[in-house]
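K.L.:
just the structure for this:
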Amino acid sequence: MGAAPIAPGRVLAALGGGGDPAARGIVLGLRLPRAVQGALVGGGLAVAGAAFQALLRNPLAEPYVLGVSGGAALGAVAALVLGWSAAGVWSLPVAAFCGALLAVGAVLAVAARSSLALDTRVLLLAGVVAGAFFNALIMLLLSLGRAEAFRSAIYWMMGSLSGAGWSETWILALYVLPSSAVLLALARPLNLLAVGEETALYLGTKVEGTKRIVYVATSLLVAATVSVAGAIGFVGLIVPHAVRLAWGSDHRLLMPASLLAGGAFLVLADTAARTVAAPAELPVGVVTALVGVPLFVTLLVRESGRGGGLG
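P.N.:
Residues are numbered from 1 along each chain as shown. Sure thing, here's the model as predicted:
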């Protein structure tokens with residue numbers, strides 16, 4: 001679906017390599033890579049959210065809570081304001097990815113110096129502080145930049161799949177799929193970590209090593225998705241929480257279900273962003289926020305009414 005109406009029969013013909021050239025160009029060159037990229041971004045964010053919630057033992061945690069998105073946004077805004085984005089189509093994603101890795105390194109360094117173990121509370125506080133610092137730097141850059149750069153930066157920070165192409169999608173898949181596979185393989189240790197670190201250690205889990213692997217894998221996931229699609233919120237918060245309420249907290253089911261549900265949710269949100277105000281296009285991050293906030297409040301009230309809390 002999109003601003004230009006194409007009948008389902010023509011879409012199927014285009015997907016099979018036939019049909020008229022105009023429909024084939026739109027479907028195969030624009031809409032299909034965008035749908036695949038949306039599925040990868042949404043699935044990656046949802047899996048990262050489920051892993052963060054187990055790591056921090058908090059169902060309200062999400063991929064952006066540890067400062068990764070703030071670092072990625074800082075890198076992208078710096079590229080826009082300083083003119084680096086004119087160097088090529090890959091300059092903005094590369095700058096965002098480098099900023100995200102900088103945030104990962106900074107948070108890990110602070111946590112390591114503050115405690116011999118990677119205490120989840122220290123990680124959380126370090127991420128919040130790093131995110132606030134990166135946001136201050138972003139505001140500084142935007143206040144000193146040109147008006148055109150300001151508009152581009154704000155639109156990117158709201159999240160968008162409008163620049164999706166096959167080359168970016170394949171590169172994204174090289175990050176999202178292996179990182180997701182690593183997290184899926186850690187479903188049992190995540191089950192134990194969600195109960196408590198002492199229990200996990202007693203049952204044979206290498207707690208500190210597992211926490212490092214989970215944190216690095218989730219950070220790579222978030223860095224890769226933010227670098228190509230901007231800051232898209234609520235997917236990593238809403239989807240794992242909804243899956244948990246529907247099918248329980250066993251990560252052997254929760255992780256793959258979140259991967260599929262997150263991809264479906266973002267593809268549907270992007271479809272709405274492209275069609276609800278056509279021919280204008282909304283940032284998909286706006287749609288996920290408009291859907292995510294009331295949905296999360298509904299889930300929160302329903303679960304609180306059952307008396308079982310969020311755990």
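K.L.:
distance-wise, check the closest residue to Leu55 other than its chain neighbours relative to Gly285.
P.N.:
Closest residue in space to Leu55, ignoring its immediate chain neighbours: Val214 at 5.3 Å, by C-beta to C-beta, 6 or more residues apart in numbering. No exception for glycine: its C-beta is placed from N, CA and C like everyone else's. Using C-beta to C-beta, to the nearest Å, we find Val214 at a distance of 25 Å from Gly285.
K.L.:
and the helix or strand the residue nearest to Leu55 falls within, what other elements does it pack with?
P.N.:
Secondary structure assigned from DSSP states H and E places Val214 in helix 207-229. Contact here means 3 or more C-beta pairs under 8 Å, 6 or more residues apart in numbering; DSSP states H and E; on that basis helix 207-229 packs against helix 32-55, helix 68-81, helix 91-114, helix 166-185, helix 187-195, helix 197-202.
K.L.:
from the rest of the structure, what touches the last one?
P.N.:
Pointing back at helix 197-202 there. Here helix 197-202 makes contact (C-beta atoms under 8 Å, 6 or more residues apart in numbering) with Pro189, Leu192, Leu193, Val207, Thr210.
K.L.:
so which of Val214 and Gly285 has more stuff around it?
P.N.:
Legend: neighbour count by other C-beta atoms under 10 Å for Val214 and Gly285, higher for Gly285 (25 against 22).
K.L.:
residues near the closest residue to the more buried one other than its chain neighbours, how many?
P.N.:
Distance criterion C-beta to C-beta, 6+ apart; nearest residue to Gly285, sequence neighbours excluded, is Gly159 at 2.8 Å. Neighbour count of Gly159, defined by other C-beta under 10 Å: 27.
K.L.:
same question, Leu55
P.N.:
22.
K.L.:
okay, helices next: where are they in the stretch 201-311 of the chain?
P.N.:
207-229, 235-247, 251-275, 284-305 (DSSP state H, counting those that start in this stretch).
K.L.:
with mean pLDDT and distance to Leu174 added, can I get those in JSON lines?
P.N.:
Below are those laid out as JSON lines (pLDDT from 0 to 100; distance: least, C-beta to C-beta, whole Å):
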{"stretch": "helix 207-229", "mean pLDDT": "84", "distance to Leu174": "9"}
{"stretch": "helix 235-247", "mean pLDDT": "89", "distance to Leu174": "20"}
{"stretch": "helix 251-275", "mean pLDDT": "94", "distance to Leu174": "16"}
{"stretch": "helix 284-305", "mean pLDDT": "79", "distance to Leu174": "22"}
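K.L.:
in JSON lines, list these along with distance to Leu101.
P.N.:
JSON lines is the format used below for these (distance: least, C-beta to C-beta, whole Å):
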{"stretch": "helix 207-229", "distance to Leu101": "6"}
{"stretch": "helix 235-247", "distance to Leu101": "19"}
{"stretch": "helix 251-275", "distance to Leu101": "23"}
{"stretch": "helix 284-305", "distance to Leu101": "22"}
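K.L.:
so which of those helices is nearest Gly18?
P.N.:
helix 251-275 (23.8 Å; C-beta to C-beta).
K.L.:
before we move on, back to that, what residues are up against the residue nearest to Gly285?
P.N.:
Contacts of Gly159 by C-beta under 8 Å, 6+ apart are Ala229, Gly230, Ala231, Ile232, Gly233, Pro283, Val284, Gly285, Val286, Thr288.
K.L.:
sticking with Gly163, tell me its helix or strand.
P.N.:
Short version, using DSSP H and E: Gly163 is in no helix or strand.
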